[in-house]
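Asker: A structural model of the following input is requested.
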Amino acid sequence: MTAYVFPGQGSQFPGMGKDLYDADANARVFFEHANDVLGFRLTDVMFTGSEEDLKRTNVTQPAIFLHSVVKAKVMGDLFAPSMVAGHSLGEFSALVASGAMEFADGLKLVAARANAMQKACEQEPGTMAAIIGMEDATVETICHGIEGVVPANYNCPGQLVISGTVAGVNAACEALKAAGARRALVLPVGGAFHSQLMEPARAELATAIEHTPIIDPRCPIYQNVDGRPHTDPARIKANLIAQLTAPVRWTQIMQAMLADGAKKVVEVGPGNVLQGLFKKVDKELETAAA
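Answerer: So this is what the prediction gives:
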């Protein structure tokens, strides 16, 4: 069984997607369709923009989504997943690639998500920090005692990202280091993603998701909010809405996919972050890039 996984924010790089655009006529159709849907030439920023240009939230999220989905589309019949998942933003890519959502609908949602998150960041500044070398349960216990901070990304065993107010995250970092964390590294992000500070964005995006058609995917999608496989469109929608303020349970997704029989993991999109995370769970696992 092969699992196909789709990366989230942070995997972007200058020039991303240009090789696909140049080499494949079908890919060019999707890239140009995306420019039309968004109302600006996203491809110009992807192909010739700087690293800083690509860090703008309204560019980063649609760029990663577009790169990932086009890669899956150009694979044609070779894209044959037994299961799919996407890390945070990547969940939208996984839904489109697995046939649960139309390309244009997914792109519109991703653009709306990026704008809503940016607004939430401006309304309520926050930050995130990566906690390395500590059991998840210990991080959870310490964060529970500090107001304004929550576990946000369960990336792999021994790597958990926390999120919340600047004061809360800074206090948590000090407490976690004192309790034995190997590292507590504040991340260069613009807000407290996957925390209650994203509630305005969740509320704004909920209506758009409710009105977006979602059908049964071609295979189960393992969703961020619970790490479990889903095929029911109503449950997929509810989980997608909850995602912005809930933690990304990527560790649980990886463990569940492996327990359910995944023998190979293929990362579809920019970068190789997710392959590395799977290797931390099972170093013998076969991984590849699409």
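
Asker: contacts, neighbours, all on C-alpha from now
Answerer: OK.

Asker: in the chain, which strand has the most residues?
Answerer: Longest strand in the chain, counting residues (DSSP state E): strand 149-156.

Asker: contact partners of that strand?
Answerer: Strand 149-156 has contacts (CA atoms under 8 Å, 6 or more residues apart in numbering) with 136, 139-140, 143-144, 160-165, 168-169, 172, 193-195, 246-252, 277-278, 280-281.

Asker: which stretches of the stretch 1-150 of the chain form helices?
Answerer: Using DSSP state H, counting those that start in this stretch, the helices of the stretch 1-150 of the chain run over residues 18-23, 25-38, 42-48, 51-54, 57-75, 90-97, 103-123, 136-144.

Asker: those helices in the stretch 151-290 of the chain, which residues are they?
Answerer: Using DSSP H, counting those that start in this stretch, the helices found in the stretch 151-290 of the chain span residues 166-178, 199-210, 233-242, 250-259, 273-281.

Asker: can you say which of the contacts of strand 149-156 are buried?
Answerer: 136, 139, 143, 160-165, 168-169, 172, 193-195, 246-252, 277-278, 280 (16 or more other CA atoms under 10 Å).

Asker: closest to Ala72 out of the helices of the stretch 151-290 of the chain?
Answerer: helix 273-281 (16.0 Å; CA to CA).

Asker: helices and strands around the closest one, which ones?
Answerer: strand 149-156, helix 250-259, strand 264-267 (3 or more CA pairs under 8 Å, 6 or more residues apart in numbering; DSSP states H and E).

Asker: let me know which of those is tucked in deepest.
Answerer: strand 149-156 (a mean of 25; mean count of other CA atoms under 10 Å).

Asker: can you pull the contacts of Met198?
Answerer: Contacts for Met198 (CA under 8 Å, 6+ apart) come out as Met117, Ala120, Cys121, Ala192, Leu244, Thr245.

Asker: residue contacts, the first one?
Answerer: To tie it back to what came earlier, the one meant is Met117. Phe193, Met198, Ala201.

Asker: can you lay out the helices of the stretch 151-290 of the chain as a markdown table showing distance to Asn224 and mean pLDDT?
Answerer: Shown next, in a markdown table, are these (distance: least, CA to CA, whole Å; pLDDT from 0 to 100):
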| stretch | distance to Asn224 | mean pLDDT |
| --- | --- | --- |
| helix 166-178 | 22 | 93 |
| helix 199-210 | 15 | 92 |
| helix 233-242 | 8 | 95 |
| helix 250-259 | 7 | 96 |
| helix 273-281 | 14 | 92 |
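
Asker: using TSV, lay out those together with distance to Asp53.
Answerer: Shown next, in TSV, are the helices of the stretch 151-290 of the chain (distance: least, CA to CA, whole Å):
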stretch	distance to Asp53
helix 166-178	25
helix 199-210	23
helix 233-242	27
helix 250-259	28
helix 273-281	21
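
Asker: for Ala97, which of those is the nearest?
Answerer: helix 233-242 (14.6 Å).

Asker: what packs against the closest one?
Answerer: Using 3+ CA pairs under 8 Å, 6+ apart, helix 233-242 sits against helix 199-210.

Asker: so which bits of the helix it packs on are buried?
Answerer: Glu199, Pro200, Ala201, Arg202, Glu204, Leu205, Ala206, Ile209.

Asker: CA atoms only for it, dumped as CSV, please.
Answerer: Output in CSV follows, covering the C-alpha atoms of helix 199-210 (Å, rounded to 0.1, in the frame of the first residue of the first chain):
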residue,chain,number,x,y,z
GLU,A,199,-10.6,31.6,15.8
PRO,A,200,-11.5,34.7,13.7
ALA,A,201,-9.9,32.9,10.7
ARG,A,202,-11.8,29.6,11.5
ALA,A,203,-15.1,31.4,11.7
GLU,A,204,-14.5,33.3,8.4
LEU,A,205,-13.4,30.1,6.6
ALA,A,206,-16.2,27.9,8.0
THR,A,207,-18.9,29.5,5.7
ALA,A,208,-16.7,29.1,2.6
ILE,A,209,-16.0,25.4,3.4
GLU,A,210,-19.7,24.7,4.1
